[in-house]
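[1] structure, please.
(chains A and B)
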Amino acid sequence: MRGFSMEGKFFLSFVSCFRDLEIGLKETMEHGSFTDNSAASFSLTDEDHTIANAVRFTLNQDPRVTFCGYSIPHPSEARVNIRVQTTGDPAREVLKDACQNLMLMCRHVRCTFDKAVEDFKASNAVKAMKIDSQDSSGDDSEESE
Amino acid sequence: MAEGAGEEKKKFSIWDLPDVPMGQLLPHLELQRSRVSCNKDAPIHTESIQYSGAYASMGINNSSRLDRFSNNFRVEVVRLNEDDMEFDMIGIDAAIANSFRRILIAELPTMAIEKVFIANNTSIIQDEVLAHRLGLVPIHVDPRLFYYLSENDQPNEKNTIVFKLHVQCKRGSPRITVKSDALKWLPNGSELVKETRNAASDSSSKPETYTYFSCSQETIPEFVKNLIIPKYPDIIIAKLGPGREIELEAHAVKGIGKTHAKWSPVATAWYRMLPEVVLLEDIEDDLAEELKSKCPVNVFDIEDLGKGTFPNEEFGCQARRRRATVARPRACTLCRECIKGDDWEKRVALHRVKDHFIFTIESTGALPPEVLFTEAMKILEDECERVITELS
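    Numbering: from 1, shown residues only, chains lettered A, B, ... in the order given. Model prediction:
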């Protein structure tokens, strides 16, 4: 759906339904300008500080971004406005790239965490075995497998 | 400057100034960027400098590229038990750490009792209070095996767990305490019969109950040998006097902490930044003893330097010089005792490292804490993906 207004600004509305939890229809709106797509505000429903702050952090890290920020218009309504201003690239692409970076970061954190937990469990198992072999009574408290 | 009046005026040339090193932050700027300085009255430099062009004039690229993040990021597990874990994340920013914490508390699903069908309650605990208490009892079951129950769905074996509680205290016997181990799992679904108005209903068909289980939950492979029970069997639910009885059926469904705190899978999850204690000058002898005794968590230790190589005039060559060292900075609670009093701020500096987080997760028992953290990261990834698909 597209709506027109006098100043040449437009809004695009994307509506998608997620039936898993039936919280409600989630939608994203982009408030921008026809002539200059390097600056836009994105309004996401059903979001809060959790994703907005993380996306704002990755947006800041992108060298193409001159300004970015997020705000929550009212705490009772689950809506977040993210403002992106870039050095020329379309704002939507930059936001997508930032989300992509965030996803890759999460994935890396997950891999590193899993590996660290495995290493810890393995080293604890080795320790427990060493203690077992040293004294006759076994040590059951450490092993959490 | 009266002294310079008689001498020739010093010419000040900008080329004589020492070079500002490009490509590398000066030490005081590096301190501002990477540490929170905890002063006596308040911490300063608490915000993290994320903007990619923050140090552009010094020729430093502050944008964190993914490969640099991947190389520098580390996780170290300190403690891992069945119910809680403590680990360090080094190289990550507060925004992402906070997102994980928020997801752990509010957006990971669990199973908790939602609907309670009370057949008989003559105890002194009111119906609604009893139902509220039952909802808060943590259930030891993996919520990933179940689906959400929405308004249009019927409760069946894929989205509901049914418990039964039937306790009575006979006349003449002493008071009894109803604990959570009195909740019995009903793998075949509800046993409460719905009242139907049909007079013509044949008695041979199964009476309609409040759930529509098509098969027993015991046949599901995960539950073949394991009973679904509350995680802790000694949670007090109610107390019964003689002659009182409670008979009810409770249905547990899947939900997230945002809707109600009973569905939160963690008792709590929190993080703190690594404290750093720096001695700005050598602290010796009496001052060292004073410093060590000031700290309530024994961060400082006294190190004997042995017989001093520099003879001390007061005590003579035989004095053993003692020096204070920082032994356990991680235990520091930042109580500021060591910088209270005159002049101590010149000797001891307290900082927090901005990208080193000590995470602690205490699980209520549905899932082990390391699984909880992995699930939280998956949820953040899914959210990002959803935003990306909506923008495309």
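[2] all helices for chain A, in order.
    For chain A, helices defined by DSSP state H occupy the ranges A:49-61, A:91-134.
[3] wait, which of those is closest to B:T360?
    Closest to B:T360 of the helices of chain A is helix A:91-134 (Cβ to Cβ; 14.4 Å). Every C-beta, even on glycine, is put in place using the N, C-alpha and C of the backbone.
[4] can you tell if that closest one touches chain B?
    Yes. Interface with chain B: helix A:91-134 contributes A:92, A:95-96, A:99-110, A:112-117, A:119-121, A:124 (Cβ under 8 Å from any Cβ of the partner chain).
[5] quick one on the thing from earlier: which one of the helices of chain A lies nearest to B:S48?
    B:S48 sits nearest to helix A:49-61 of all the helices of chain A, at 8.3 Å, using Cβ to Cβ.
[6] burial count for B:D355?
    Residues within reach of B:D355, counting by other Cβ atoms under 10 Å in any protein chain shown, total 19.
[7] how far does the helix or strand that contains it sit from the chain's center?
    For B:D355, the host element (DSSP states H and E) is strand B:348-363. Its chain's average C-alpha position is 12 Å from that of strand B:348-363, according to Cα atoms, centre = their mean, to the nearest Å.
[8] stretch A:94-114 too?
    The chain centre lies 8 Å from the centre of stretch A:94-114; the measure is Cα atoms, centre = their mean.
[9] what residues does it touch?
    The contact list for stretch A:94-114, computed with Cβ atoms under 8 Å, 6 or more residues apart in numbering or on different chains, reads A:42, A:54-55, A:58-59, A:61-62, A:64-65, A:82, A:84, A:86, B:66, B:69-70, B:73-75, B:87, B:89, B:92, B:96, B:370, B:373-374, B:377-378, B:380-381, B:384-385, B:387-388, B:391-392.
[10] quick check: which ranges of chain A have low pLDDT?
    Low-confidence segments of chain A, defined by pLDDT under 70: A:1-25, A:135-145.
[11] now the residue nearest in space to the middle of chain A, nearest residue through space, not along the chain?
    With distances taken as Cα atoms, centre = their mean, A:I51 lies nearest the centre of chain A, 4.5 Å away. Leaving aside its chain neighbours, A:I51 sits nearest to B:E383 (5.0 Å; criterion: Cβ to Cβ, 6 or more residues apart in numbering or on different chains).
[12] for the one you found, give me its contacts.
    Counting by Cβ under 8 Å, 6+ apart, the residues that B:E383 touches are A:E47, A:T50, A:I51.
[13] from memory the first one sits against A:A78, does it?
    Right, the one you point to is A:E47. Yes. Using Cβ atoms under 8 Å, A:E47 makes contact with A:A78 at a distance of 6.6 Å.
[14] one step back: near chain A, anything from the strand holding B:D355?
    No. Contact of strand B:348-363 with chain A is not found when judged by Cβ under 8 Å from any Cβ; the minimum separation is 9.9 Å.
[15] show me what that strand is packed against.
    helix B:27-34, strand B:35-38, strand B:84-90, helix B:94-106, strand B:266-279, helix B:369-391 (3 or more Cβ pairs under 8 Å, 6 or more residues apart in numbering or on different chains; DSSP states H and E).
[16] ok, then the element right after the shortest one?
    Just to be clear, that refers to strand B:35-38. strand B:43-44.
[17] quick one: strands adjacent to that following strand?
    strand B:35-38 (antiparallel) (DSSP bridges).
[18] quick one: contacts of the strand it pairs with?
    Strand B:35-38 is contacted from outside by B:31, B:43-46, B:273, B:276, B:334, B:336, B:349-354, using Cβ under 8 Å, 6+ apart.
[19] pretty sure B:E128 is in a helix, no?
    Yes. Membership of B:E128 in a helix is supported by DSSP: H, G, I helix; E, B strand; the rest coil.
[20] okay, now it: neighbour count?
    Applying other Cβ under 10 Å, we find 10 other residues in the vicinity of B:E128.
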